[in-house]
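Chemist: what follows is a predicted structure for the sequence shown.
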Amino acid sequence: MNYEYILIRYGEIALKGKNRKIFTQKLQENVQNKVKDIPDIKVKRQRDRMYILLNGQDPEPIIERCRTIFGIHSLSKAIKVNNEEEQIKKAALFALQEAEGVKTFKVTTKRTDKDFPVRSQQFNQVLGGYLLKNTEGYTVDVHQPDMELRVEIRQDGTYITSQKIQAAGGLPVGSSGKTLLLLSGGIDSPVAGYLTMKRGVQVEAVHFHSPPFTSERAKQKVFDLARQLTKYGHSIRIHVVPFTKLQQKVHQAIPHGYSMTVMRRMMMRISEQIASKEGILSLTTGESLGQVASQTMESMHAINEVTNYPVLRPLIAMDKEDIIDVSQKIDTYDISIRPYEDCCTVFVPDAPKTMPRKEKVNQFEQAEDFGDLLAETLENVEVVTIDSQAKEEEFDALL
Ligand code: ATP
Ligand code: MG
């Protein structure tokens with residue numbers, strides 16, 4: 001005997017009336033996309049759950065991949081048999097013996113096919129008794145079993161499932177629209193990207209770089225970060241903005257206390273233009289209140305002035321330690337701490353104003369003409385797609 005299915009359970013998406021169909025369709029698509037290179041398997045959707053039909057494939061690597069798909073709350077391997085007592089017993093015995101590290105178990109039967117002659121409660125006992133009789137070293141524990149063996153007797157057959165494996169939770173990426181993530185090489189913005197993805201938002205990224213002040217390796221770092229994020233969703237397109245000329249002009253024309261505020265405003269303007277062109281309805285940053293000079297209330301007020309787009313700041317109220325915890329959990333931390341320069345750190349003035357005044361910023365900006373340079377910068381944006389399925393060589397060839 002072997003497991004034939006992987007059962008996929010979704011949490012909150014099962015609750016939401018009309019959106020439910022959009023969510024489940026999206027989730028099915030995302031699962032299909034994630035396993036498309038594995039031959040023979042099929043992803044099937046039912047009203048309240050999904051199954052992957054294994055057709056002989058090993059379930060373990062598939063489960064490993066599916067664990068990072070947002071919208072999936074838990075997974076179990078499953079066997080389907082006819083609604084016949086003997087078949088159910090054999091399958092349950094297999095499931096119990098196949099599981100590792102299990103000493104205590106409990107059977108939970110749910111009978112929705114009322115034609116099946118034994119009631120749920122009674123069947124728990126029949127099956128429990130059978131399992132104890134045909135194995136050694138197991139005991140039943142109804143309160144805290146190592147394994148809860150679920151038996152669902154449905155119209156279309158009986159499903160016997162193994163342990164629940166926790167998955168990423170959240171909502172399926174793509175079910176809540178798209179955002180343009182301002183992705184630096186730092187610790188924060190990848191975490192911001194991860195958290196928006198978790199709420200079902202598909203991410204495109206924009207990265208500002210300033211060669212030769214920032215190196216190819218800094219760009220590589222950003223590609224590596226994006227690639228790490230693709231584990232949780234789709235391929236990610238990165239809009240790489242050549243920022244050198246604009247930054248130099250800001251540096252030379254704006255009083256230094258204000259140059260960082262102006263530079264950030266330029267980033268916002270360019271990001272908004274890209275989002276608008278791509279039909280993306282929001283921007284996302286890794287800002288967190290109070291972290292650095294540009295992240296005071298006054299600064300955010302002055303920077304936000306140049307865009308009417310909603311700016312999502314998922315980290316705004318998080319402590320740095322908590323952000324670092326997430327970045328370690330999602331494996332972006334080690335990439336983020338590689339020591340290459342970011343465009344902002346290269347041009348950052350010694351004493352940026354922590355309380356920039358909006359009127360002043362506007363006055364300094366208006367004294368110069370940035371229009372042509374902004375247009376030229378936008379024209380030269382390059383788009384790189386980080387494919388979630390790319391092999392190592394293909395990925396290296398992007399640079
Ligand atoms: P991070 O850790 O994400 O770099 P940070 O703590 O260094 O953030 P800032 O340098 O003030 O903070 O940047 C704030 C936000 O601005 C970043 O989280 C990111 O969203 C955006 N940003 C900064 N630099 C760049 C860049 N070179 N390209 C794209 N976005 C950037
Ligand atoms: Mg940074």
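Modeler: Noted; the coordinates are in hand. Numbering: from 1, shown residues only. Ligands and ions are numbered 1, 2, ... in the order given.
Chemist: may I have the secondary structure class of the spatially most central residue of the chain?
Modeler: Geometric centre of the chain, nearest residue: Tyr232, 3.6 Å, by CA atoms, centre = their mean. When the structure is reduced to helix, strand and coil (DSSP: H, G, I helix; E, B strand; the rest coil), Tyr232 reads as coil.
Chemist: contacts only, for the residue in the stretch 251-399 of the chain positioned nearest to ligand 1.
Modeler: Using CB to the nearest ligand atom, the point where the stretch 251-399 of the chain gets nearest to ligand 1 is Gly286, with a distance of 2.6 Å. All C-beta spots, glycine's among them, are computed from the backbone N, C-alpha and C. Residues near Gly286 by CB atoms under 8 Å, 6 or more residues apart in numbering: 182, 184, 186-192, 313, 315.
Chemist: rerun that using 10 Å as the cut-off
Modeler: If a contact means CB atoms under 10 Å, 6 or more residues apart in numbering, then Gly286 has 181-184, 186-193, 195, 295, 313-316, 318, 323 as its contacts.
Chemist: and Gly385, which of the three is it?
Modeler: Actually, residue 385 is Thr rather than Gly. Thr385 carries the three-state label strand when classified by three-state DSSP.
Chemist: residue contacts, the nearest residue to it once chain neighbours are set aside?
Modeler: For Thr385, ignoring the flanking residues on the chain, the nearest one in space by CB to CB, 6 or more residues apart in numbering is Arg237 at 5.1 Å. Arg237 sits next to 180, 203-206, 226, 278, 383-386 when contact means CB under 10 Å, 6+ apart.
Chemist: give me the distance between the residue lying closest to Ala367 once chain neighbours are set aside and Asn33.
Modeler: Counting by CB to CB, 6+ apart, the nearest residue to Ala367 once its immediate chain neighbours are dropped is Ala253, at 7.7 Å. Distance from Ala253 to Asn33, counting by CB to CB, to the nearest Å: 47 Å.
Chemist: ok, back up a step: what sits against the residue nearest to Ala367?
Modeler: By CB under 10 Å, 6+ apart, the residues touching Ala253 are 259, 262, 364-365, 367-370.
Chemist: which of these are buried?
Modeler: Burial of the contacts of Ala253 was assessed by neighbour count (16 or more other CB atoms under 10 Å); the buried members are 259, 262, 364-365, 370.
Chemist: of those, which is the nearest to Ser215?
Modeler: Ser259 (21.9 Å; CB to CB).
Chemist: what pLDDT, on average, does the one helix or strand that closest one maps to get?
Modeler: Of the helices and strands defined by DSSP states H and E, Ser259 is found in helix 256-278. In this model, helix 256-278 has a mean pLDDT of 95.
Chemist: cool, stretch 208-226 as well?
Modeler: Per-region confidence: stretch 208-226 scores 92 on mean pLDDT.
Chemist: wait, doesn't Ala226 sit right on Val384?
Modeler: Yes. Using CB atoms under 10 Å, Ala226 and Val384 qualify as a contacting pair, with a distance of 8.6 Å.
Chemist: what touches both of those two?
Modeler: 205, 207, 236-238.
Chemist: what's the closest non-adjacent residue to Lys103?
Modeler: Excluding the flanking residues, the one nearest Lys103 by CB to CB, 6+ apart is Asp146, at 5.7 Å.
Chemist: contacts only, for the one you found.
Modeler: Contacts of Asp146 by CB under 10 Å, 6+ apart are 99-106, 138-139, 163.
Chemist: for Gln110, give its distance to ligand 1.
Modeler: Just to correct that, residue 110 is Lys rather than Gln. 47 Å (CB to the nearest ligand atom, to the nearest Å).
Chemist: how deep is that residue tucked in, by neighbour count?
Modeler: As a burial measure, Lys110 scores 12 neighbours (other CB atoms under 10 Å).
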